[in-house]
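# return a 3D structure for these sequence lines:
(chains A, B, C and D)
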Number of protein chains: 2
Amino acid sequence: MEPMARAATTSDVFNAIAEPQRREILALLRAGERSVTELAQELGMTQPGASKHLRVLREVGLVRDRKAGKQRLYGLDASGLRPVHEWTGGFERFWNESFDRLDAYVQDLNQTRKAE
Amino acid sequence: MEPMARAATTSDVFNAIAEPQRREILALLRAGERSVTELAQELGMTQPGASKHLRVLREVGLVRDRKAGKQRLYGLDASGLRPVHEWTGGFERFWNESFDRLDAYVQDLNQTRKAE
DNA sequence: TTGACGTATGCCGATATCGGAATACGATGG
DNA sequence: CCATCGTATTCCGATATCGGCATACGTCAA
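From the prediction side, this is the model:
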(Lines give C-alpha, C1' and ligand atoms only; values in the text may rest on other atoms or scores of the structure.)
Protein backbone atom coordinates (compact mmCIF):
# COMPACT_ATOMS: atom_id res chain seq x y z
CA MET A 1 0.00 0.00 0.00
CA GLU A 2 1.16 3.49 -0.70
CA PRO A 3 1.50 5.85 2.17
CA MET A 4 -0.74 8.84 2.08
CA ALA A 5 0.53 12.09 3.44
CA ARG A 6 -2.55 14.17 3.98
CA ALA A 7 -6.04 14.60 2.66
CA ALA A 8 -5.76 16.47 -0.60
CA THR A 9 -6.19 20.18 -0.19
CA THR A 10 -8.60 20.08 -3.03
CA SER A 11 -11.94 18.58 -2.22
CA ASP A 12 -11.48 19.48 1.41
CA VAL A 13 -12.75 22.79 2.68
CA PHE A 14 -11.05 22.45 6.04
CA ASN A 15 -7.73 22.21 4.33
CA ALA A 16 -8.50 25.00 1.94
CA ILE A 17 -9.11 27.46 4.74
CA ALA A 18 -6.12 26.28 6.72
CA GLU A 19 -3.99 28.64 4.70
CA PRO A 20 -4.06 32.23 6.02
CA GLN A 21 -3.80 33.87 2.63
CA ARG A 22 -6.74 31.94 1.36
CA ARG A 23 -8.76 33.11 4.32
CA GLU A 24 -7.76 36.64 3.47
CA ILE A 25 -8.95 36.17 -0.07
CA LEU A 26 -12.32 34.92 1.11
CA ALA A 27 -12.65 37.77 3.57
CA LEU A 28 -11.87 40.30 0.89
CA LEU A 29 -14.32 38.81 -1.55
CA ARG A 30 -17.13 39.58 0.85
CA ALA A 31 -16.83 43.12 -0.41
CA GLY A 32 -17.52 41.99 -3.94
CA GLU A 33 -15.98 40.42 -6.97
CA ARG A 34 -12.35 41.00 -7.74
CA SER A 35 -10.01 40.25 -10.57
CA VAL A 36 -6.92 38.21 -9.91
CA THR A 37 -4.64 41.18 -10.20
CA GLU A 38 -6.75 43.26 -7.87
CA LEU A 39 -6.70 40.51 -5.29
CA ALA A 40 -2.97 40.10 -5.62
CA GLN A 41 -2.42 43.81 -5.18
CA GLU A 42 -4.74 44.32 -2.27
CA LEU A 43 -3.32 41.36 -0.40
CA GLY A 44 0.28 41.95 -1.29
CA MET A 45 0.90 38.73 -3.10
CA THR A 46 2.19 37.93 -6.55
CA GLN A 47 -0.21 37.28 -9.37
CA PRO A 48 0.76 33.62 -9.75
CA GLY A 49 0.42 33.25 -6.02
CA ALA A 50 -3.09 34.61 -6.09
CA SER A 51 -3.95 32.42 -9.05
CA LYS A 52 -2.81 29.32 -7.27
CA HIS A 53 -4.75 30.04 -4.14
CA LEU A 54 -7.81 30.87 -6.19
CA ARG A 55 -7.50 27.58 -7.95
CA VAL A 56 -7.65 25.72 -4.66
CA LEU A 57 -10.59 27.77 -3.48
CA ARG A 58 -12.35 27.17 -6.77
CA GLU A 59 -11.79 23.44 -6.61
CA VAL A 60 -13.40 23.18 -3.21
CA GLY A 61 -16.21 25.41 -4.36
CA LEU A 62 -15.62 28.38 -2.10
CA VAL A 63 -15.21 30.69 -5.04
CA ARG A 64 -16.67 31.08 -8.50
CA ASP A 65 -15.18 32.76 -11.48
CA ARG A 66 -16.64 34.38 -14.50
CA LYS A 67 -15.07 36.00 -17.47
CA ALA A 68 -15.31 39.71 -17.85
CA GLY A 69 -13.51 40.63 -21.01
CA LYS A 70 -9.83 40.20 -20.57
CA GLN A 71 -10.26 39.71 -16.89
CA ARG A 72 -11.56 36.91 -14.79
CA LEU A 73 -13.63 37.97 -11.83
CA TYR A 74 -13.73 35.87 -8.74
CA GLY A 75 -16.64 35.93 -6.36
CA LEU A 76 -17.48 34.32 -3.09
CA ASP A 77 -19.53 31.17 -2.71
CA ALA A 78 -19.57 30.82 1.01
CA SER A 79 -21.97 27.92 1.22
CA GLY A 80 -19.03 25.60 1.58
CA LEU A 81 -18.13 27.29 4.83
CA ARG A 82 -21.37 26.27 6.38
CA PRO A 83 -20.24 22.74 7.27
CA VAL A 84 -17.25 24.19 9.04
CA HIS A 85 -19.44 26.57 10.95
CA GLU A 86 -21.73 23.78 11.93
CA TRP A 87 -18.96 21.43 12.87
CA THR A 88 -17.40 23.94 15.21
CA GLY A 89 -20.87 24.81 16.44
CA GLY A 90 -21.10 21.28 17.69
CA PHE A 91 -18.62 22.27 20.36
CA GLU A 92 -20.36 25.44 21.43
CA ARG A 93 -21.59 24.11 24.73
CA PHE A 94 -18.08 23.06 25.57
CA TRP A 95 -16.56 26.47 25.37
CA ASN A 96 -19.23 28.00 27.58
CA GLU A 97 -18.97 25.23 30.08
CA SER A 98 -15.82 26.34 31.84
CA PHE A 99 -13.08 24.15 33.11
CA ASP A 100 -11.75 24.47 36.59
CA ARG A 101 -8.49 25.94 35.44
CA LEU A 102 -10.20 28.38 33.17
CA ASP A 103 -12.43 29.52 35.99
CA ALA A 104 -9.46 30.18 38.16
CA TYR A 105 -7.79 32.08 35.40
CA VAL A 106 -10.74 34.36 34.86
CA GLN A 107 -11.00 34.96 38.58
CA ASP A 108 -7.40 36.02 38.65
CA LEU A 109 -7.91 38.26 35.69
CA ASN A 110 -10.81 40.10 37.26
CA GLN A 111 -9.00 40.40 40.52
CA THR A 112 -5.99 41.89 38.80
CA ARG A 113 -8.07 44.39 36.92
CA LYS A 114 -9.82 45.63 40.02
CA ALA A 115 -6.56 45.98 41.82
CA GLU A 116 -5.19 48.41 39.26
CA MET B 1 15.41 34.73 2.78
CA GLU B 2 14.40 31.15 3.20
CA PRO B 3 11.20 29.98 1.58
CA MET B 4 8.45 29.02 3.94
CA ALA B 5 6.19 26.18 3.04
CA ARG B 6 3.17 26.60 5.23
CA ALA B 7 2.15 28.05 8.54
CA ALA B 8 3.25 25.61 11.20
CA THR B 9 0.53 23.21 12.16
CA THR B 10 1.28 23.94 15.73
CA SER B 11 0.09 27.28 16.92
CA ASP B 12 -2.59 27.32 14.26
CA VAL B 13 -5.99 25.92 15.07
CA PHE B 14 -7.19 26.05 11.47
CA ASN B 15 -4.38 23.78 10.47
CA ALA B 16 -4.85 21.51 13.43
CA ILE B 17 -8.44 20.77 12.48
CA ALA B 18 -7.60 20.38 8.82
CA GLU B 19 -6.72 16.78 9.50
CA PRO B 20 -9.75 14.45 9.56
CA GLN B 21 -8.43 12.16 12.24
CA ARG B 22 -7.82 15.06 14.55
CA ARG B 23 -11.39 16.18 14.05
CA GLU B 24 -12.50 12.68 14.96
CA ILE B 25 -10.48 12.84 18.13
CA LEU B 26 -12.07 16.10 19.13
CA ALA B 27 -15.52 14.81 18.35
CA LEU B 28 -14.95 11.73 20.42
CA LEU B 29 -13.61 13.69 23.35
CA ARG B 30 -16.95 15.43 23.68
CA ALA B 31 -18.13 12.24 25.32
CA GLY B 32 -15.49 12.60 28.00
CA GLU B 33 -11.84 12.03 28.74
CA ARG B 34 -9.99 9.22 27.11
CA SER B 35 -6.61 7.61 27.42
CA VAL B 36 -4.37 7.48 24.40
CA THR B 37 -4.90 3.78 23.93
CA GLU B 38 -8.64 4.10 24.17
CA LEU B 39 -8.65 6.81 21.56
CA ALA B 40 -6.43 4.81 19.28
CA GLN B 41 -8.67 1.79 19.58
CA GLU B 42 -11.95 3.57 19.15
CA LEU B 43 -10.72 5.44 16.11
CA GLY B 44 -8.79 2.59 14.58
CA MET B 45 -5.38 4.18 14.61
CA THR B 46 -2.08 3.10 16.04
CA GLN B 47 -1.01 4.30 19.45
CA PRO B 48 1.90 6.37 18.11
CA GLY B 49 -0.46 7.83 15.55
CA ALA B 50 -2.89 8.90 18.23
CA SER B 51 -0.08 10.29 20.34
CA LYS B 52 1.18 12.43 17.50
CA HIS B 53 -2.21 13.86 16.70
CA LEU B 54 -2.81 14.53 20.35
CA ARG B 55 0.45 16.37 20.54
CA VAL B 56 -0.63 18.71 17.79
CA LEU B 57 -4.00 19.25 19.40
CA ARG B 58 -2.34 19.91 22.73
CA GLU B 59 0.05 22.42 21.26
CA VAL B 60 -2.74 24.48 19.80
CA GLY B 61 -4.64 24.18 23.06
CA LEU B 62 -7.61 22.19 21.84
CA VAL B 63 -6.90 19.42 24.26
CA ARG B 64 -5.57 19.08 27.79
CA ASP B 65 -3.94 16.11 29.39
CA ARG B 66 -3.66 14.99 32.95
CA LYS B 67 -1.95 12.04 34.47
CA ALA B 68 -4.05 9.29 35.88
CA GLY B 69 -1.71 6.69 37.21
CA LYS B 70 -0.02 4.91 34.40
CA GLN B 71 -2.32 6.49 31.91
CA ARG B 72 -2.61 9.95 30.51
CA LEU B 73 -6.13 11.17 30.05
CA TYR B 74 -6.92 13.65 27.33
CA GLY B 75 -9.85 15.99 27.55
CA LEU B 76 -11.40 18.57 25.31
CA ASP B 77 -10.73 22.27 25.52
CA ALA B 78 -12.94 23.55 22.80
CA SER B 79 -12.45 27.24 23.43
CA GLY B 80 -9.91 27.32 20.65
CA LEU B 81 -12.62 26.34 18.19
CA ARG B 82 -14.52 29.47 18.93
CA PRO B 83 -12.45 31.68 16.63
CA VAL B 84 -13.07 29.27 13.80
CA HIS B 85 -16.77 29.29 14.49
CA GLU B 86 -16.78 33.05 14.54
CA TRP B 87 -14.69 33.39 11.44
CA THR B 88 -16.99 31.19 9.42
CA GLY B 89 -19.92 32.96 11.04
CA GLY B 90 -18.71 36.10 9.36
CA PHE B 91 -19.88 34.56 6.10
CA GLU B 92 -23.28 33.51 7.31
CA ARG B 93 -25.18 36.14 5.45
CA PHE B 94 -23.44 35.08 2.26
CA TRP B 95 -24.69 31.55 2.28
CA ASN B 96 -28.26 32.64 2.84
CA GLU B 97 -28.08 35.45 0.37
CA SER B 98 -28.31 33.54 -2.87
CA PHE B 99 -26.48 34.35 -6.02
CA ASP B 100 -28.30 35.06 -9.21
CA ARG B 101 -27.13 31.88 -10.80
CA LEU B 102 -28.00 29.93 -7.72
CA ASP B 103 -31.46 31.46 -7.68
CA ALA B 104 -32.02 30.47 -11.23
CA TYR B 105 -30.80 27.02 -10.52
CA VAL B 106 -33.18 26.56 -7.63
CA GLN B 107 -36.03 27.89 -9.72
CA ASP B 108 -35.26 25.37 -12.37
CA LEU B 109 -35.07 22.65 -9.83
CA ASN B 110 -38.49 23.39 -8.39
CA GLN B 111 -39.98 23.74 -11.81
CA THR B 112 -38.60 20.38 -12.81
CA ARG B 113 -39.92 18.71 -9.71
CA LYS B 114 -43.41 20.03 -10.21
CA ALA B 115 -43.39 18.93 -13.78
CA GLU B 116 -42.71 15.35 -12.89
C1' DT C 1 15.24 -3.84 40.75
C1' DT C 2 12.83 -5.94 37.34
C1' DG C 3 9.06 -6.55 34.45
C1' DA C 4 4.88 -5.08 32.34
C1' DC C 5 2.07 -1.65 30.70
C1' DG C 6 1.06 2.99 28.77
C1' DT C 7 2.80 6.71 26.27
C1' DA C 8 6.01 9.63 23.67
C1' DT C 9 9.61 10.25 20.47
C1' DG C 10 12.76 9.40 16.59
C1' DC C 11 13.65 7.93 12.10
C1' DC C 12 12.12 6.80 7.54
C1' DG C 13 9.96 7.09 2.87
C1' DA C 14 6.43 9.01 0.05
C1' DT C 15 4.01 12.86 -0.82
C1' DA C 16 2.10 17.51 -0.41
C1' DT C 17 2.66 22.31 0.21
C1' DC C 18 4.21 26.98 -0.54
C1' DG C 19 6.69 30.79 -2.75
C1' DG C 20 9.38 32.46 -6.55
C1' DA C 21 10.54 32.90 -11.26
C1' DA C 22 9.81 31.97 -15.93
C1' DT C 23 6.67 31.04 -19.28
C1' DA C 24 2.57 29.42 -21.57
C1' DC C 25 -2.16 30.45 -22.62
C1' DG C 26 -6.05 33.60 -23.80
C1' DA C 27 -8.50 37.52 -25.08
C1' DT C 28 -8.71 42.13 -26.78
C1' DG C 29 -7.54 45.95 -29.63
C1' DG C 30 -5.00 48.05 -33.27
C1' DC D 1 -1.65 39.20 -37.72
C1' DC D 2 0.73 41.25 -33.81
C1' DA D 3 1.37 43.40 -29.49
C1' DT D 4 -0.36 43.81 -25.07
C1' DC D 5 -2.53 42.87 -21.02
C1' DG D 6 -4.51 39.49 -17.70
C1' DT D 7 -4.32 34.98 -16.08
C1' DA D 8 -2.89 30.15 -15.56
C1' DT D 9 0.53 26.72 -15.47
C1' DT D 10 5.02 24.68 -14.90
C1' DC D 11 9.34 23.89 -12.78
C1' DC D 12 12.09 24.38 -8.82
C1' DG D 13 13.96 24.17 -4.00
C1' DA D 14 12.97 24.07 0.80
C1' DT D 15 10.11 22.37 4.04
C1' DA D 16 6.17 20.14 6.26
C1' DT D 17 3.07 16.35 6.71
C1' DC D 18 1.54 11.71 7.62
C1' DG D 19 1.85 6.74 8.53
C1' DG D 20 4.57 2.87 10.02
C1' DC D 21 7.89 0.96 12.75
C1' DA D 22 11.16 0.66 16.35
C1' DT D 23 12.38 2.28 20.56
C1' DA D 24 12.95 5.36 24.41
C1' DC D 25 10.71 7.08 28.49
C1' DG D 26 7.71 6.81 32.67
C1' DT D 27 4.98 4.70 36.03
C1' DC D 28 3.33 1.29 38.75
C1' DA D 29 3.44 -3.41 40.98
C1' DA D 30 5.60 -7.41 42.61
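
# what residues does chain A have near chain B?
Chain A has residues A:6-7, A:12, A:14-15, A:17-20, A:23, A:26-27, A:30, A:64, A:75-79, A:81-82, A:84-85, A:87-92, A:94-95, A:99, A:101-102 near chain B, with proximity defined as Cβ under 8 Å from any Cβ of the partner chain. Every residue, glycine included, has its C-beta placed from N, CA and C.

# among the residues you listed, name the ones in helices.
Among the residues of chain A next to chain B, the ones falling in helices (DSSP state H) are A:14-15, A:20, A:23, A:26-27, A:82, A:84-85, A:87-89, A:92, A:94-95, A:101-102.

# which of these count as buried?
Buried members of those, counted by 16 or more other Cβ atoms under 10 Å in any protein chain shown: A:14-15, A:23, A:26, A:82, A:84-85, A:87-88, A:94-95.

# what sits against A:Gln21?
Applying Cβ atoms under 8 Å, 6 or more residues apart in numbering or on different chains to A:Gln21 gives the contacts A:43, A:45, A:49, A:53.

# mind redoing it with 6 Å?
Contacts were defined as Cβ atoms under 6 Å, 6 or more residues apart in numbering or on different chains; by that measure A:Gln21 touches A:His53.

# ok, it to A:Phe91 distance?
Separation of A:Gln21 from A:Phe91 (Cβ to Cβ, to the nearest Å) stands at 26 Å.

# got the residue ranges for the strands in chain A?
In chain A, the strands defined using DSSP state E lie at A:34-35, A:63-68, A:71-76.

# nearest to DNA strand C, of these?
With distances scored as Cβ to the nearest atom of the strand, the stretch of these nearest to DNA strand C is strand A:63-68 (6.6 Å).

# ok, which of the buried ones among the ones in helices among the residues of chain A next to chain B also contact DNA strand C?
Counting by Cβ under 7 Å from any atom of the strand, A:Asn15 from these sit close to DNA strand C.
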